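# Show me how the following folds:
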Amino acid sequence: MAKSQDFIQRSLVVLKPDTVQRGIIGEIIQRFERVGLKIVGMKMVMPEEKLYRAHYEDIGQMITRRGEQAFRYNVEYMMTGPVIAMVLEGVEAVPLVRKIVGPTEPKSAEMGTIRGDYSHMSFGYSDAKGVGVPNLVHASGNAEEAKKEIDLWFNANELYDYSDLNEKFTR
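Okay, here's the model as predicted:
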């Protein structure tokens, strides 16, 4: 039988350059906090291409899924400014974060999701324009991917284990 702690997960979330440059970091973080997810690590960084290759191809297999050109567009977009990397923790955090964020293509995202409320670009338009899709947020796709991504972006000493008041009501 599964124990309650078996359901506690961590997910990597990266607030992309468009989130930072538009000044909506707080609004986005607030969405995660309001449902009771706990921030256990957070930092502003401006990674080099090497980290993005490890993240999007070595872990995420973006070239395999969408092609080399889409990968290049995305990396160029990600390198346009700093990002906020954070680790969120909570009950089944990985699928919950994905639900809050919405589908990768903003045009397909429902209103009420981060991408549905704050973006609208399509893959077709971005490909035709030759740019990455400004879709505000990266969220881990599954628990295995989350573990690899967190290990790539954070050292163990940058993650914190603490109790917060939300746990009384959300765990």
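
# Pull the CA coordinates from the helix or strand of the chain with the lowest mean pLDDT and hand them back as CSV.
For the chain, the helix or strand with the lowest mean confidence is helix 167-170, at a mean of 76 (criterion: mean pLDDT, DSSP states H and E). This file holds the C-alpha atoms of helix 167-170, laid out as CSV (Å, rounded to 0.1, in the frame of the first residue of the first chain):
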residue,chain,number,x,y,z
GLU,A,167,1.0,21.6,4.4
LYS,A,168,-1.6,21.5,7.2
PHE,A,169,-4.3,21.9,4.5
THR,A,170,-2.8,20.4,1.4
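
# for this protein, what spans make up the strands?
All strands of the chain, identified by DSSP state E, fall at 8-15, 38-45, 83-91, 137-139.

# Strand partners (parallel or antiparallel) of the last one?
Taking DSSP bridges as the criterion, strand 137-139 pairs within the sheet with strand 8-15 (antiparallel).

# Tell me how far the strand it pairs with lies from the chain's centre.
7 Å (C-alpha atoms, centre = their mean, to the nearest Å).

# can you pull the buried residues of it?
For strand 8-15, the neighbour count (16 or more other C-beta atoms under 10 Å) marks 9-15 as buried. Yep, even glycine has a C-beta here, placed from its N, CA and C like the rest.

# On the pLDDT front, check Gly130 for me.
As predicted, Gly130 sits at a pLDDT of 83.

# Equivalent analysis for Phe123, please.
Residue-level confidence at Phe123 comes out at 85, pLDDT.
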